[in-house]
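Asker: Structure, please.
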Amino acid sequence: MPMTATRSIAFAAAVLLLLQLGLWWPGVAMFDTIGQYAQVLSGAYDDWHPPIMARLWAVLHPLGAGGAAMFAGQAATYWLGLGLIAAALARDGSVRSGWAVIVVGTLPLFVAWQSVILKDAQMLGAMLAAVGIVARARLGGRALSLPALIAVGVLLGYAVLVRTNAVFAVVPLVVMLVPGRRRWVARAGAIAGLTLAVLAVSPIINHRLFDAQPTSVGNTLPLFDLAGIAHFAGDDGVLTPGERALIVTRHCYQPFFWDPIGSAGHCGAISERFAAAPAGVLQRGWAGAILRHPLGYARHRLAHLNSTTRWLVPVGWTSAVPPALSEVNTIGLGTPGKVVAPVVVAAAWMTATPLGWPIAWVVVAACVVSIACATPRTTIRDLALALAVSALALEASFAVVSIASDLRYHLWPMLASALAAILLASEGVPRRLARGSGLALLAVVATGLIARTVLPAPPPGYTAMLDWDGRAGQAGTGARQTPGT
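Answerer: Numbers count the residues shown, from 1 in each chain. Reported below is the predicted structural model:
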């Protein structure tokens, strides 16, 4: 029976991959996609977007123009990872859990976003494939072979470079997957040390190995934080009185995203001033402002964390629904047919439910960690714990380094939390712990639903959000700008 189920699951994963490729071919191109493909065509690379993705695209470009090769790669790694995890569970005797993994993978929100050619989908596919390889060996009672170890290293190495903040998910995953008993203090120390090392090495790889020209992308987080500190503390000691007045007049501070600060039609003059300043001026001012106004900084970061995890927010919080069609472009990036529209409609429905709230999956991951720490160690339990810790670590990083509230940034934590819950449930959860977890999730969902009932709805779409005064619940007027994140 397990072998029959294993083959059925593997077949299902292969069929679903072909179905995704057939429906969404040649993949969806967003603003970021177009910018990266333009670099591939020109041969000039910069670090505003991850250069490793553009460089890989350039390698694949001889196979065919457009985004099809990148789309096929991220879809293949997605279903490879899910298929390996599901088949490993079935082979281990947990057939229903294996099928549950496949079902989660078919959820419209995940499939639709995984069909958009973006660094977020590339990261998700690479990490899932790596976890699938590990699960196949570990659940089969084997150590990773050298080829498997190399494959995992390449996949996770790509993941950590293809998304700036992926280090906060990849490093904890790696540390938690290393076999053997280790105290939490030792694990935390290893995670902190390796994270700092990767953050130090990544710019060298991007600029020297991939020959990417530096841009002002490093200014986005400091500017966002300075605007937030000025908003909550009244003065951050860095922005001038005129700049602070400009931020208020043009609604350029919003917990939702940093974009109005960089928008030429809003507060772009501020970002331009610091882009022309000597290196380190903005960063020193940023650090000083945080030290002088820790409460203002904390209020700003908590407001953004609430926004990006989509907890106490209005109904219709934007930048959640995956696009059905590619943005209009003149560089040869195609678009899927209208046949995908029902899937996107279903994905939109999902974003309006707790299934599409990152905060709900944060609670799920936290409950998995709590339950796993209270139950005996097994291979499945350890894998679930690794996934949950990785999800929580990435979500925690948004409290410090995030600058926008797009749902796609949470794809890995959401799916990793779901997989962790399935893995843990396959071994059974004590009723008392399951009841406590359910109550915690219910409390978060209930408060989220109340917020969506009483808070004023935001204006629809990116352009309108640039002008939105969240306190008044209204949009002002302003020039249209393309996304900068």
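Asker: Show the contacting residues for the residue nearest to Met465 when sequence neighbours are not counted.
Answerer: Excluding its sequence neighbours, the residue lying closest to Met465 (Cβ to Cβ, 6 or more residues apart in numbering) is Thr318, at 5.8 Å. For glycine as for every other residue, the C-beta is placed from the backbone atoms N, C-alpha and C. Applying Cβ atoms under 8 Å, 6 or more residues apart in numbering, we find Thr318 in contact with 458, 460-462, 465.
Asker: where exactly do the strands run in the stretch 51-200 of the chain?
Answerer: Here the stretch 51-200 of the chain has no strands by DSSP state E, counting those that start in this stretch.
Asker: sorry, back to before: which of the contacts of Thr318 has the weakest pLDDT?
Answerer: Across the contacts of Thr318, the smallest pLDDT goes to Gly461, namely 80.
Asker: how close does it get to Pro323?
Answerer: Applying Cβ to Cβ, to the nearest Å, the value for Gly461 to Pro323 is 12 Å.
Asker: And for Phe224?
Answerer: 25 Å.
Asker: What count of nearby residues applies to Tyr297?
Answerer: For Tyr297, the neighbour count with other Cβ atoms under 10 Å is 22.
Asker: cool, and Gly189?
Answerer: Neighbours of Gly189 using other Cβ under 10 Å come to 13.
Asker: Does the residue lying closest to Leu441 once chain neighbours are set aside lie in a helix or a strand, and which?
Answerer: With Cβ to Cβ, 6+ apart as the criterion, Leu441 has its nearest non-adjacent residue at 4.9 Å, and that residue is Val363. Per DSSP states H and E: Val363 is located in helix 358-373.
Asker: Which residues does that helix contact?
Answerer: 308-311, 354, 381, 384-385, 387-389, 391-392, 395, 407, 410, 413-414, 416-418, 420-421, 424, 429-430, 433-434, 436-437, 440-441, 444-445, 448.
Asker: if I look at the residue nearest the centre of the chain, how far off is Ala121?
Answerer: Geometric centre of the chain, nearest residue: Tyr409, 2.5 Å, by Cα atoms, centre = their mean. As judged by Cβ to Cβ, Tyr409 and Ala121 stand 11 Å apart.
Asker: From Gly22, how far out is Ala346?
Answerer: In terms of Cβ to Cβ, Ala346 sits 18 Å off from Gly22.
Asker: which one of the two has more residues nearby?
Answerer: Ala346 (14 against 10).
Asker: how does the protein divide up, domain by domain?
Answerer: 2-213+331-450, 219-302 (automatic domain parsing).
Asker: Take these and lay them out in JSON lines including mean pLDDT and distance to Asp469.
Answerer: As requested, the domains of the chain are exported to JSON lines (pLDDT from 0 to 100; distance: least, Cβ to Cβ, whole Å):
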{"stretch": "domain 2-213+331-450", "mean pLDDT": "95", "distance to Asp469": "17"}
{"stretch": "domain 219-302", "mean pLDDT": "91", "distance to Asp469": "5"}
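Asker: Show me which of Phe224 and Pro323 is the more surrounded one.
Answerer: Counted by other Cβ under 10 Å, Phe224 and Pro323 do not tie: Phe224 has more neighbours, with 27 against 17.
Asker: which residue packs closest to that one, ignoring adjacent ones?
Answerer: Once flanking residues are discounted, Phe224 sits nearest to Trp258: 3.7 Å by Cβ to Cβ, 6+ apart.
Asker: can I assume that neighbour is in contact with Ser402?
Answerer: No - with contact defined as Cβ atoms under 8 Å, Trp258 does not reach Ser402; the gap is 9.3 Å.
Asker: Can I get stretch 416-426 in CSV, CA atoms only?
Answerer: Provided in CSV are the C-alpha atoms of stretch 416-426 (Å, rounded to 0.1, in the frame of the first residue of the first chain):
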residue,chain,number,x,y,z
ALA,A,416,6.4,26.2,5.4
SER,A,417,4.0,26.6,8.3
ALA,A,418,1.4,24.6,6.5
LEU,A,419,3.9,21.8,5.8
ALA,A,420,5.1,21.9,9.3
ALA,A,421,1.6,21.5,10.7
ILE,A,422,0.9,18.5,8.3
LEU,A,423,4.2,16.8,9.3
LEU,A,424,3.5,17.2,13.0
ALA,A,425,-0.2,16.2,12.7
SER,A,426,0.9,13.0,10.9
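Asker: hang on, the earlier thing: and for the nearest residue to the residue nearest to the centre of the chain once chain neighbours are set aside, the neighbour number?
Answerer: Closest residue to Tyr409 apart from its sequence neighbours, by Cβ to Cβ, 6+ apart: Asp120 at 6.3 Å. Using other Cβ under 10 Å, Asp120 has 22 neighbouring residues.
Asker: Identify the residues contacting Ala348.
Answerer: 320-321 are the contacts of Ala348 under Cβ under 8 Å, 6+ apart.
Asker: before we move on, which element is it in?
Answerer: helix 341-351.
Asker: ok, which stretches of the stretch 51-200 of the chain are helices?
Answerer: 51-60, 68-91, 95-105, 108-113, 119-138, 146-162, 167-177, 184-204 (DSSP state H, counting those that start in this stretch).
Asker: State the phi and psi torsions of Asp46.
Answerer: Dihedral angles of Asp46 (phi, psi; degrees, to the nearest 10) stand at phi -140, psi 180.
Asker: isn't it right next to Thr215, touching?
Answerer: Yes - if you go by Cβ under 8 Å, Asp46 and Thr215 touch, sitting 5.0 Å apart.
Asker: And the two? Which one has more around it.
Answerer: Neighbour count, other Cβ under 10 Å: between Asp46 and Thr215, Asp46 has more, with 17 against 12.
Asker: Tell me the spacing between the more buried one and Tyr78.
Answerer: For Asp46 relative to Tyr78 (Cβ to Cβ), the value is 28 Å.
Asker: As CSV, could you dump the C-alpha coordinates of the strand or helix carrying Ala298?
Answerer: Per DSSP H and E: Ala298 is located in helix 294-309. Extracted in CSV, the C-alpha atoms of helix 294-309 (Å, rounded to 0.1, in the frame of the first residue of the first chain):
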residue,chain,number,x,y,z
PRO,A,294,13.6,54.2,20.4
LEU,A,295,9.8,54.4,21.2
GLY,A,296,9.0,56.2,17.9
TYR,A,297,11.1,53.7,16.0
ALA,A,298,9.3,50.8,17.9
ARG,A,299,5.9,52.3,17.1
HIS,A,300,6.8,52.6,13.4
ARG,A,301,8.2,49.1,13.1
LEU,A,302,5.2,47.5,15.0
ALA,A,303,2.8,49.4,12.8
HIS,A,304,4.5,48.1,9.7
LEU,A,305,4.7,44.5,11.1
ASN,A,306,1.0,44.6,11.7
SER,A,307,0.5,45.9,8.1
THR,A,308,2.7,43.3,6.4
THR,A,309,1.4,40.3,8.5
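Asker: I would like the residues contacting stretch 125-145, please.
Answerer: Residues contacting stretch 125-145 (Cβ under 8 Å, 6+ apart): 73-78, 80-85, 87-89, 91-92, 114, 148, 151-152, 155-156, 158-159, 162, 166, 169-170, 173, 177, 379-380, 382-383, 387, 412, 415-416, 419.
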